[in-house]
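Asks: Build me a structure from this.
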Amino acid sequence: MKPHYPILDGLRGTAAILVVIYHLFEAYYGGITANHPMRHGYLAVDFFYLLSGFVVGYAYDDRWGRMTIKEFFKIRLTRLHPLVILGVIIGTIGFLFDPYTASAQHINIYKLLLTMVVSFTLLPSPDIRGWGETHSLDGPCWSLLQEYIANFVYALFGRKMTKAVLWVIITAGAIALTITSCWHGDLGTGWGYDTFWIAVVRMTYPFFAGLLLYRTGKLIRVPSAYAVCSLLLIVLFFMPTGRFTGIYEALCIIFAFPLLVSMGAGGTVSGWLGKLCKFSGDISYPIYITHYPFIYIYTAWIGEKKPSAAQVLPVACGLFVLFILLAWAAYRLYDLPVRAWLKKVWLTNN
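Replies: Below is the predicted model of the structure:
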């Protein structure tokens, strides 16, 4: 029986919760600025990619003798796509009823419907907000598209790649990542049409580094790994910015994140920390994919009303609690039942 890596689930939750906090700060501070307390919070996306590469290798590398490429895609769609649909639906409703930007008054309803339908597929859709986003109904979907691309490449080629080939890919990926990060000044980009290529760069190194890490089996055992790795993630994300931000963020992805995943995979957890770890892992994907439609409205409120910090704080805290509750409900009442139904009607032979 294969070992399970519960701490990796928990760390995915830690990163997802930090993304939510990052976005709550971002709306108040007006985007990525030096004043943003969690200046590097968007690196959670790159951490997700590295976790994904590791977990995909763990879950599927030994199944190719009894699983076809088509079956792999069906399994991955069953796992990931129900929450994509939910996130887009929430985003569409939020767009229609946003009280601060009157969004629906500025777009043809047919264009909105077209955007929603295209968004259901995860393909880039029309930019209906004017932000230049590739996925303007639910922003985080841009990173899910890259996850799908990574899974596609893994199924066609990655499953057969030797460690030597993976080393070549991640070396080239690390170089491209470093050059891009230094050129742009940071890696808080890739979500727009004008920087779509950066999204591919951000995905390539961490995903295949995670896959190689799994195949090498180089795990590090430290006590209290879940707490230690979560704390280190927080420290990395809250480090101050400066002239070396680009190289700092590249080094985080290239060296620090593989180290954290290795520590997480090599650790154990039990007791109340184990329960917290499981809960964090359970809500990680739902909170990531469902919170941002509310961030659009929250950002518009701040832009329209210009509230003070004292006025923003209770709203931000209330939204944070709402996101946790919504993620739990989405997981328990929607994601689990829908996936169970899809497995029954679509994956009966798996």
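Asks: any idea which helix or strand carries the most centrally placed residue in the chain?
Replies: Most central in the chain under CA atoms, centre = their mean is Val45, positioned 4.4 Å from the mean C-alpha point. Val45 belongs to helix 44-60 when assigned by DSSP states H and E.
Asks: Any idea how many residues pack against Gly192?
Replies: As a burial measure, Gly192 scores 19 neighbours (other CB atoms under 10 Å). Yep, even glycine has a C-beta here, placed from its N, CA and C like the rest.
Asks: so it makes contact with His135?
Replies: No. Checked against CB atoms under 8 Å, the pair Gly192 and His135 is beyond contact range at 9.9 Å.
Asks: Now Val261: phi and psi?
Replies: phi -70, psi -40 (degrees, to the nearest 10).
Asks: so who does it touch?
Replies: Leu8, Leu11, Leu50, Leu51, Phe54, Gly210, Leu213 (CB atoms under 8 Å, 6 or more residues apart in numbering).
Asks: Produce a PyMOL select command limited to the buried residues of those residues.
Replies: Applying 16 or more other CB atoms under 10 Å to the contacts of Val261, the buried members can be selected in PyMOL as follows:
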select buried, resi 8+11+50+51+54+210+213
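Asks: Closest one of the contacts of Val261 to Gly91?
Replies: Leu51 (24.5 Å; CB to CB).
Asks: Phe25 reaches Thr33, doesn't it?
Replies: No. Taking contacts as CB under 8 Å, Phe25 lies outside contact range of Thr33: 9.9 Å.
Asks: Between the two, tell me which one has more neighbours.
Replies: Neighbours of Phe25 and Thr33, each counted by other CB under 10 Å, are more numerous for Phe25; the result is 18 against 11.
Asks: Can you tell me which helices and strands whichever strand or helix holds the more buried one packs against?
Replies: Counting by DSSP H and E, the element that carries Phe25 is helix 6-29. Under the contact criterion of 3 or more CB pairs under 8 Å, 6 or more residues apart in numbering; DSSP states H and E, helix 6-29 touches helix 44-60, helix 225-238, helix 257-266, helix 271-290, helix 292-305, helix 309-329.
Asks: quick one, that helix and helix 225-238 angle?
Replies: Calculated by axes from the mean of the first three to the mean of the last three CA atoms, to 10 degrees, helix 6-29 forms an angle of 30 degrees with helix 225-238.
Asks: and helix 6-29 with helix 44-60, angle?
Replies: Using the same axes, to 10 degrees: helix 6-29 against helix 44-60 is 160 degrees.
Asks: so for helix 6-29, what's the average pLDDT?
Replies: Averaged over helix 6-29, pLDDT sits at 97.
Asks: All good on my end, thank you.
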